[in-house]
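Colleague: Give me a 3D structure for the following:
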Amino acid sequence: MVTHIVMWNLKEGALGHSKTENALEMKQKLEGLVGKIDGLISAEVGVNYNPKGMDVCLLSKFVDAAAQDAYQVHPLHLAVREFVHQVIESRVVVDYES
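Modeller: Predicted coordinates:
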């Protein structure tokens with residue numbers, strides 16, 4: 001199994017919305033991919049209430065690295081990524097196998 005963790009800081013006012021509004025839209029879009037992309041076991045998105053941390057965190061699990069690779073280029077994920085890239089200012093990621 002592969003665990004994929006991504007954290008983002010968001011731009012204030014991106015696409016005419018607040019950070020919170022864009023974070024909630026990211027949550028809906030990313031969690032909505034579960035059951036639509038083979039090999040994606042789960043996706044949980046948390047919106048941070050601590051003002052000293054990152055704004056949004058994604059914790060997703062894949063059956064294996066090949067499934068994660070397929071997810072990265074899947075048209076549904078690419079559509080979500082297009083939105084995400086418009087509202088973020090920074091990103092960190094960790095991937096590991098267990």
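
Colleague: Which residue, other than its chain neighbours, is closest to the most centrally placed residue in the chain?
Modeller: Centroid check for the chain by C-alpha atoms, centre = their mean gives Leu58 as the closest residue, at 4.7 Å. In space, and not counting its chain neighbours, Leu58 is closest to Val6: 4.5 Å by C-beta to C-beta, 6 or more residues apart in numbering. For every residue, glycine as well, the C-beta is placed using N, CA and C.

Colleague: repeat for Ile88
Modeller: Trp8 (4.5 Å).

Colleague: Can you report how many residues neighbour that neighbour?
Modeller: Using other C-beta atoms under 10 Å, Trp8 has 23 other residues around it.

Colleague: for the one 5 residues further on, same thing?
Modeller: Here the number of neighbours of Gly13 (other C-beta under 10 Å) works out to 11.

Colleague: on that earlier part again, looking at it, the residue nearest to the centre of the chain is touching Val45, isn't it?
Modeller: Yes - at 5.2 Å, Leu58 counts as touching Val45 under the criterion of C-beta atoms under 8 Å.
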